Structure formats: C-alpha cells, structure tokens
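S.K.: Dropping the sequence and predicted coords here.
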Amino acid sequence: MAFYFKEPSRTFSEYLLVPGYSSAECQPKNVCLKTPLVKFKKGEEPRISLNIPMISAIMQSVSNDTLAIALAKEGGVSFIYGSQTVEDQAAMVKRVKDYKAGFVKSTSNLTPENTLLDVLNLKEKNGHSTVAITHDGTPNGKLLGIVTGRDYRVSRMSTDLKVKEFMTPLEKLVTAKLGVTLKEANDIIWDNKLNSLPIIDKDGCLDSFVFRKDYESNKNNPLELLDKEKRLVVGAGINTRDYKERVPALIEAGVDVLCIDSSEGFSEWQKLTIEWIREQYGDSVMVGAGNVVDAEGFRFLAECGADFIKVGIGGGSICITRETKGIGRGQATATIEVAKARDEYFKETGIYVPICSDGGIVHDYHITLALAMGSDFVMLGRYFSRFDESPTNKVKINGQYMKEYWGEGSARARNWQRYDLGGDKKLSFEEGVDSYVPYAGSLKDNVAISLAKVKSTMCNCGALTIPELQQKAKLTLVSSTSIIEGGAHDVVLKDKTSS
Ligand code: IMP
C-alpha cells in the first residue's frame, strides 16, 4: 500500500512567527547572518561560510558573471548556470575570479609592437582599462610599460600607432617589488595617487597588479565574500551527464564550489556524479546536491557525500512540475522535515550538512521563515532576476519596466540535463514557463532592504544569529481568514499616483 504523510504539504504563506523576548541587545546592527555553505565536522569551521544567507539560482535568466560579482560583493554566492557549453560556463567563472583580488594576475597584455587598435580590441574583449606592456606580451614577461585610457585619445590618434609610441614607459611608472604586503601596496597607491601598482620580481618581470578600485570596493562592501587570494567566491551548476568534462574545466577556471542541478535529486545519477568527483579530487572539490523534499532523500545524498543539500520540488515561481507531473511538496513542510533529518544526522555522525531552501520565496519574510524552519540559506531565482545585474532583457510593458524570467525546464532554456532520467537527450515536455517580472533596480539596494527586514524580525524573535533563530523561533499556522487580517483591510486605500 502507498505511504501517506500524516501532515498536509504546506507553503511559507501558511506560517507566521510569534515574537519572543527581545533584550536591549536585540538590535538589527548586532545581528550576524553568517551561515555555513558546506558541511563541517562538529567543533570545526566550514571551508566556506556565506556572509548573508542567499545564493542565486542555477538558471540562464539569473546567474551569469555580472550577477555573481554583484552578489559576492554583498556576501552571497551565485551558481553560474550549467545549461551552456562547458567553455562558456568556465569563461563566466573565470571572469568572476579575475574580477578583483589584492594581487591580480594581469589578463590584458600586449607588446610595444602592437597597435592602438589592438589595445581597443583587447579592452572591448576583456573590459579592462589597464593593459600591461611586456617584452613578449605574456602576463609575466619583462615589464616595459602600461597603457591606460589616459595614454591615448582615439579621436586624435591613428589606430595604426604602435603601443611603444604612446604607452607610459617603465621609467615613469611607480612599481613595487614582489614580496610587498597588500597594505604596503595600498599605501604606495595612496601616497602616489595611482590607479594601479605593478608588482615586479627581481628580474623586472611582471608578477601582478594592485588596483585602487579594489581597495575602495572592499571598503564599500564590508561583507564581500572572498577566497584566500582575495578573489570573489563563485559557484557553478553541473549535471549528471557531462560532469567528466565540465567539472575539470570549472576547476581549472577557479570555481570555489559546485552544485548538481537537478529537479529531483534522490537518484543514482547524483550518487555516481559525487562518487566520480570524490575519486578524482577527494574532498578538495566541494559539491552540493539536490533537490529533495523529505528525510529519506536528505539521508541518501548526505551518505553520498554531498557538501550541502537543496530542498524543494515544484515550488519555484516559474515551475509547473506539480501541474505536469503531480510530484513535489509544499516548501515549508519539505524544509521542516529535511531540517529535522539534518539535525538527526548531525547528532548521529557529528557531520553538519547545511540545507538550502530552493524556490518559492515570494516575500522577504519567507526568507526569515525558511531560516527559522531550519534552512541554513536560501536559493532565489525570481528575486534576483528582477535586478539590473541579471542577464535578461529589460522591457517596457503597459508603461512598466519588466525583466524577462524563464525556467530551466521551459522550451526557451531546454535544460534537458536538469530533468534527465537517462533516456533520450531531449526535453520531452515543459516543466517551466517563460515570463516577466517587475524590474526592481540594483541588487545591492534590494538585498539591503530584504536583509534589514530579516534582521528586524530576528530581533523580534530575540535572535542575533541564524542558529539562535532556529532555536528560539516560535511558528504558528495561520487560518485563511487570518491571512486576510494580515494585509491592509477594511480601509479604502489611497491611489498612490494621486498623492
Ligand atoms: P523561484 O525563486 O521561486 O523563482 O525559484 C527558483 C528555483 O526554481 C530554482 O532554483 C530551481 O530549483 C527551480 N526551477 C528553475 N527552473 C525551473 C523550471 O523550469 N521548472 C521547475 N523548477 C524550476
């Protein structure tokens, strides 16, 4: 006989938090949202922690390099979408890793014999305004000069002009010797009013650059998520088909963490993928898995060795899986059950495997609910797709700006690998839609507002950290009539445009 769950399957909107005692300490400025991204042993620290509990969805319409840079600056992580060629995905990862660091390896290099046209083409291709001029055009060749926007004027100069005619030569450059600390390098930049400082070795070969803008960026983004070499942290989605080619390319590009992207993760395909990664790389490569919606699915992936586990089937805003296939589970119920399984697994094994509630976050308070129910962080698609930094077109519809947003299981994305059950290499039917979402502005501004709300609610619950919230939260189910009570009611709203 089929198994029946006792509880109905519930969504976030069916719950509310009931306040707990807030001491005078409970102020948003004292709240810390740091949370583990990957598993760790009791008493040890995770290898990567997020500074905010948000990651962006593995989707064409959400996570490209631009969004990844913006989110890492705020303290979260993007998982670059895998429904593109291995080369294109690896290039996106590399662009995030190259974006900034204390000591940046130079990726735009030419020789003195190149022309202004070469400089312009390189600038167009890489987007960098500083080009190192080395004797052989390699990143570690003998440094002969640099070219920046200050060295040429396109309207006055022939594009045939050789670089040696207009570069700023080495003798006019302030440089520093390899071995200088980042702090010393930044002091040299300030003292000499420089935009960049080339670091050279004892033979005069270029090692790296330190840029003024990186210093300023770090001051403006105190939660910025950086690796050991002070580069932004980035993740990438993989699938259970081409991982033998995709994973090595992503690692080569510098990816920090992977995640198997699948609509249904309780499968042998995920086991085989994780096993292969462990055989090739041991524990050095971190990989999340999912999605699951119950304790059994969690236990399976935890035992396979997943570094974190995503929860959620059918709750995504663009998702029609429940309608087409009749599978899934309310996002709140799934999160609550998997969080319980995570805690039991921790008690039993001493290994804490973080979980991520993925999909179905509509209101900012849903983030707080997901965390209170035991999620360590949340994955968001629709939320991030609305911002300037998402990869999609901004269009005006009926006088309002919108951004496009489409599911990975839609005919537009055709990410058949996400729905793969080992059959033909094609998407047999759609599990997602193509849609618009209201344009909302910059990621930075919106994340700040959302997290201000999360912190405020946490204070109402007497919690200054996410683990404390999970311990102290008191949750109540709401009746359908009390949901009506929760919105503005029994008043005549003023027309916002007339005031
Ligand atoms: P959202 O934040 O509610 O928009 O949900 C985003 C999540 O929906 C993603 O992280 C995926 O887990 C899931 N998803 C993405 N594309 C599809 C699809 O086409 N069908 C079903 N689920 C999808």
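M.R.: Arrived safely, thanks for sending. From a predicted model like this one, the values you see are computed outputs, not experimental measurements. Numbers count the residues shown, from 1 in each chain.
S.K.: Would you mind naming what in this structure lies close to the ligand?
M.R.: 57, 59, 263, 312, 316-319, 321, 358-361, 379-383, 407-410, 431-432 (CB under 6 Å from any ligand atom). Using the backbone N, CA and C atoms, a C-beta is placed for each residue, glycine as well.
S.K.: Nearest spatial neighbour of the most centrally placed residue in the chain, chain-adjacent residues omitted?
M.R.: Centroid check for the chain by CA atoms, centre = their mean gives Ser78 as the closest residue, at 1.4 Å. In this structure, Ser78 finds its nearest non-sequential neighbour in Ala68, 3.6 Å apart by CB to CB, 6 or more residues apart in numbering.
S.K.: Distance of that neighbour relative to His366?
M.R.: 23 Å (CB to CB, to the nearest Å).
S.K.: do the same with Val180
M.R.: Per CB to CB, Val180 is found 47 Å from His366.
S.K.: Have a look at those two and say which one is more surrounded.
M.R.: A direct count of neighbours by other CB atoms under 10 Å for Val180 and His366 places His366 higher, at 21 against 18.
S.K.: Can you select the buried ones among the residues of the chain next to the ligand for me in PyMOL?
M.R.: Restricted to buried positions by 16 or more other CB atoms under 10 Å, the PyMOL selection for these reads:
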select buried, resi 57+59+263+312+316+317+318+319+321+358+359+360+361+379+380+381+382+383+407+408+409+410+431+432
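S.K.: Just the ones of the residues of the chain next to the ligand in strands?
M.R.: If you go by DSSP state E, the residues of the chain next to the ligand have 358, 379-380 in strands.
S.K.: I'd like the residues you listed laid out as TSV, including distance to Ala236.
M.R.: Formatted as TSV, these follow (distance: CB to CB, whole Å):
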residue	distance to Ala236
Asp358	16
Met379	14
Leu380	17
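S.K.: Show the low-confidence segments of the stretch 1-150 of the chain, by residue range.
M.R.: Counting by pLDDT under 70, the stretch 1-150 of the chain has low-confidence residues at 101.
S.K.: Point me to the residue of it nearest the ligand.
M.R.: The ligand sits closest to Ala57 of the stretch 1-150 of the chain, with a gap of 3.4 Å, by CB to the nearest ligand atom.
S.K.: that older thread, okay, and the residue nearest to Ser78 sits in which element?
M.R.: Using DSSP states H and E, Ala68 sits in helix 65-74.
S.K.: So Thr457 is in contact with Tyr365, correct?
M.R.: Yes: look at Thr457 against Tyr365 with CB atoms under 8 Å: they come within range, at 6.5 Å.
S.K.: Comparing these two, which shows the higher neighbour count?
M.R.: Thr457 (23 against 18).
S.K.: and that one, that's in a strand?
M.R.: No: counting by DSSP: H, G, I helix; E, B strand; the rest coil, one finds Thr457 to be helix, located in no strand.
S.K.: quick one, strands of the stretch 351-499 of the chain?
M.R.: 351-352, 355-358, 377-380, 394-397, 400-406, 434-438, 474-477 (DSSP state E, counting those that start in this stretch).
S.K.: Alpha carbons only: can I get stretch 25-40 in PDB?
M.R.: Output of stretch 25-40 as PDB, limited to C-alpha atoms (Å, rounded to 0.1, in the frame of the first residue of the first chain):
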ATOM      1  CA  GLU A  25      20.900  43.900  22.700                       C
ATOM      2  CA  CYS A  26      18.500  42.700  20.100                       C
ATOM      3  CA  GLN A  27      19.100  45.500  17.500                       C
ATOM      4  CA  PRO A  28      19.500  44.900  13.800                       C
ATOM      5  CA  LYS A  29      23.000  46.300  13.900                       C
ATOM      6  CA  ASN A  30      24.000  43.500  16.200                       C
ATOM      7  CA  VAL A  31      22.600  40.700  14.000                       C
ATOM      8  CA  CYS A  32      25.100  38.500  12.200                       C
ATOM      9  CA  LEU A  33      23.800  36.500   9.200                       C
ATOM     10  CA  LYS A  34      26.900  34.400   8.700                       C
ATOM     11  CA  THR A  35      26.000  30.800   7.800                       C
ATOM     12  CA  PRO A  36      27.800  27.600   6.600                       C
ATOM     13  CA  LEU A  37      27.700  26.900   2.900                       C
ATOM     14  CA  VAL A  38      29.400  23.500   3.100                       C
ATOM     15  CA  LYS A  39      29.500  20.600   5.600                       C
ATOM     16  CA  PHE A  40      31.800  20.500   8.600                       C
END
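S.K.: Make JSON lines from the ones in strands among the residues of the chain next to the ligand and add pLDDT to it.
M.R.: Listed next are these as JSON lines, based on pLDDT from 0 to 100:
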{"residue": "Asp358", "pLDDT": "98"}
{"residue": "Met379", "pLDDT": "98"}
{"residue": "Leu380", "pLDDT": "98"}
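S.K.: wait, which of those is closest to Arg329?
M.R.: Nearest to Arg329 among these: Asp358, at 12.3 Å, using CB to CB.
S.K.: Pro169 reaches Gly145, doesn't it?
M.R.: Yes: the criterion here is CB under 8 Å, and Pro169 meets it with Gly145 at 4.4 Å.
S.K.: of the two, who's got more company?
M.R.: Legend: neighbour count by other CB under 10 Å for Pro169 and Gly145, higher for Gly145 (22 against 13).
S.K.: Secondary structure of that one: a strand, I assume?
M.R.: Yes: assessed with three-state DSSP, Gly145 lies in a strand.
S.K.: Tell me which residues touch it, please.
M.R.: By CB atoms under 8 Å, 6 or more residues apart in numbering, Gly145 lies in contact with 112, 133, 163-164, 167-170, 173.
S.K.: what packs against the helix holding Ala68?
M.R.: strand 54-56, strand 77-80, helix 86-99, helix 443-460 (3 or more CB pairs under 8 Å, 6 or more residues apart in numbering; DSSP states H and E).
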